[in-house]
Each structure stands twice: as structure tokens, then as C-alpha cells.
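Engineer: Quick check, what structure comes out for this input:
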Amino acid sequence: MTRRTVWTVLVVVAAASLLATASIGAVVVPVSDVFHVLTGGAATDPGHDAILRLVRLPRIATSAMAGAALGVAGLQMQTLFRNALADPYILGANSGASLGVSIVALAGGASGPAFVGVLAGWGRLGIVLAAAAGAAAVLAVILVLAVWVRNAVTLLLIGVMLGAVTGALVSVLIVYADPNAVQKYMIWGLGTFSSASWSDLALAAPIVAVTIVAVFFTVRGLNALLLGEGYARSMGVDLRVARAVTLLAAALLTGVVTAFCGPVGFLGLVIPHLVRGMLRTSDHRPLIPGCALVGATLAVWCGALADLPGEQMALPLNAVTAIIGAPVVITVLLRGRKQGGAV
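Structural biologist: As a prediction, this is how the structure comes out:
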């Protein structure tokens, strides 16, 4: 197929996925009702109208936003570190967010510090702020070090070590925490696309959209980095600036998703590989919008499958993404071995 045909198929699949995932669930909503609501009308059944507007459409919009953000951030990380197994959380954003949430959820009781107790009393908003603050703190350290560290591999190792330290601190908090608080923290760690509201999206979606558009201005540097830092330097690319801008964009995309949806695994790792295979190119000009579109589509289906059992019970989102993503990662590993090179 030509690239134009591939793009046409991707757009059609994305539109069909929107209608299908809004229709299926514990209560099946006719596609005609979905179409009427999407075009500004009302469903024939008031119950269906409420389900679409209050439950399914916010979930679909959240999952599309998260999938697009993680897909683009994963592409950036794989290019920057020239590592097929890099994902948006490789520099510790996940661990930083987990530490922030664990401090609020596990140590935010009456005996905790005043500001932590206040955040804990804010419920979900406190969790969102704690996750954003934790991810921002870790990634701020990485951004500062990116100015001083000349080697991307060294920076990657530093990120892994920071993730290990924050993970250890979370483990210590779990040991001394109340079991009910631990359960609350563990539920957050499963990830979900169903908790965000329209007001949350009004805050998160513009940040994601503006950041993805800004990534287009880094295409020249990303394409040069595909052939190594030496080649990029010979092409006049300022490696420190390119590295810092790439990390900042990926940090914003990952931090927003983690704050509102929890740590969502596998999508940022899998999506760039799927898009490269579909478009048969390493040029970031088509890859960036491709990762956004495919990421949104795949995340919408993951969210629908996770909520398929019904409102009273849902599958862990990260279990669904792992079931879908693990075969892709295995394929990448086997392909690298077949070609005789390291992945």
C-alpha cells in the first residue's frame, strides 16, 4: 500500500473505533445514538444520553489524549537514546509520580506534615497534584543533568538509578502505611482512563496538543540523532539544546498523562514500533502524527476493553496494555536477534 492509502486506513479505523468503543460496554448503545450525540444532538434514550456524555465520551477523550501523548513521547525517547526498548517512563517519571502519590496516600494522615495532610484531604485532586509534582521533580533533575552530561547513555543510567531510589522510598512507605492507604495507592498504580472528567480534559488536553505541535519543530534534530550524536553534531545540531528540548517535551507529555491517568505501561513502548512498521520510514515528519493517531486509537480500545465488564467491575488498565503490548515487544526482540544485532 502507498503511504496515502495507509493514512486513509488509519483515519477510517480511528473514526470507526470512536463509534465502536462508545457503543459497546455493559450497556450497548446504538451507533445511531452515538452519532447523534457526537454531532450535537441527543440520544433517543435519556439513559443512553447520560452514559455517553458522562461516562464513555470522557473516557474516550482521555484515552485518546493519553495514547497520543505516550506515543509521541515514546518515539522521542527511542530516538534520543537509540534504544528500541526505551519508553516515556525510562527516565523515572513513573517512579517520581509514584513517590508523590505514595507520600500523599500513605503518609497523608493526621500524623503527616500539614501540607501533605491537606493534599490527602483533597481526594483525587490531591492525588493528581502529587503525581504531577513527583514526576516534575524527578524530570527537573534529569533536565538539569542533561546540560552537564555529554553522553546520552550516561543520562539514561542516571534516570534508571533515580527511578530505583524513588522506588525504594515507595517500598519503605508501604511497609509502615495503613493497609487501606496501601490499597488506595495500589489502585492508582493500575492506571485508568475512566476517572478524568471534562474539566480535567480542559486542563490536560491543551497542554498535550501544544506540546505535540512543538515537537514538530525538533524534527531536524531527531532525524539527525537517528545516525548518532557524532553525525548530529556534524550537521550543526546543538546536542545539549536538542537533548534538553526533547526531554522537556517528553516530560510534559508523560507527566500530564501520569497525573490524570496514573502510570500507563506499554503504550509508549509499543506505538512507535507499530507506526514505523505501518509507514515503513524512520523520518519523524510522518512518524510524529502517526504515533499520535495510532496511539490514540490503540488507547481508546484499551480503555474500552478495561471497562467492558461493567461499571461495578473493571479490568486493570495496565493488564490490558501488557496483554496487547508484550507480543509486540517480543517481536522486536526476535527481529533484532534474527538480524544479528542487539536491540
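Engineer: going forward, measure contacts between C-alpha atoms and count neighbours the same way
Structural biologist: OK.
Engineer: And what about Ala66, helix, strand or coil?
Structural biologist: helix (DSSP: H, G, I helix; E, B strand; the rest coil).
Engineer: from what I can see it touches Ala259, true?
Structural biologist: No - Ala66 lies out of contact with Ala259 (C-alpha atoms under 8 Å); the separation is 10.7 Å.
Engineer: Of the two, which one has the most company?
Structural biologist: Using other C-alpha atoms under 10 Å as the criterion, Ala66 and Ala259 rank with Ala66 on top: 30 against 24.
Engineer: Low-confidence ranges, the stretch 1-150 of the chain, go.
Structural biologist: Applying pLDDT under 70 to the stretch 1-150 of the chain picks out residues 107-124.
Engineer: if we go to 80?
Structural biologist: Along the stretch 1-150 of the chain, segments meeting pLDDT under 80 span 1, 91-94, 101-102, 104-132, 135, 139, 143, 145-150.
Engineer: Helices of that one, residue ranges please.
Structural biologist: Counting by DSSP state H, counting those that start in this stretch, one finds helices in the stretch 1-150 of the chain at the ranges 3-23, 31-38, 46-51, 57-80, 93-107, 114-121, 124-148.
Engineer: other SSEs contacting the fifth one?
Structural biologist: Helix 93-107 is packed against helix 114-121, helix 124-148, helix 152-176, helix 179-189, helix 239-261, with contacts defined by 3 or more C-alpha pairs under 8 Å, 6 or more residues apart in numbering; DSSP states H and E.
Engineer: one more time with 6 Å
Structural biologist: On a contact count with 3 or more C-alpha pairs under 6 Å, 6 or more residues apart in numbering; DSSP states H and E, helix 93-107 meets helix 124-148, helix 152-176.
Engineer: from these, which stretch is densest packed?
Structural biologist: Burial of these is given as mean neighbour count (mean count of other C-alpha atoms under 10 Å); helix 124-148 ranks first at a mean of 20.
Engineer: What separation do you get for Met278 and Leu287?
Structural biologist: Distance, Met278 to Leu287, by C-alpha to C-alpha, to the nearest Å: 10 Å.
Engineer: now do Gly295
Structural biologist: 11 Å.
Engineer: Which one of these two is surrounded by more residues?
Structural biologist: Just comparing Gly295 and Leu287: by other C-alpha under 10 Å the higher neighbour count belongs to Gly295, 29 against 22.
Engineer: contacting residues for the more buried one?
Structural biologist: By C-alpha atoms under 6 Å, 6 or more residues apart in numbering, Gly295 lies in contact with Gly67, Ala68, Gly71, Ile271.
Engineer: switch to 10 Å and redo it
Structural biologist: 14, 63-72, 267-268, 270-272, 274-275, 289 (C-alpha atoms under 10 Å, 6 or more residues apart in numbering).
Engineer: Look up phi and psi at it.
Structural biologist: Main-chain dihedrals, Gly295, degrees, to the nearest 10: phi -60, psi -40.
Engineer: close enough to count as contact, Cys302 and Phe266?
Structural biologist: No - taking contacts as C-alpha atoms under 10 Å, Cys302 lies outside contact range of Phe266: 11.1 Å.
Engineer: Mutual contacts of those two, please.
Structural biologist: With contacts defined as C-alpha under 10 Å, 6+ apart, the residues shared by Cys302 and Phe266 are Asn318, Ala319, Val320, Thr321, Ala322, Ile323, Ile324.
Engineer: which residues are in contact with both of Ala66 and Ala259?
Structural biologist: With C-alpha under 10 Å, 6+ apart, Ala66 and Ala259 have common neighbours Ala204.
Engineer: Now do the residue located most distally from the centre of the chain against Ala168, distance only.
Structural biologist: Distance from the C-alpha centroid of the chain peaks at Thr44, with 35.1 Å (C-alpha atoms, centre = their mean). Look at Thr44 and Ala168: by C-alpha to C-alpha, they are 53 Å apart.
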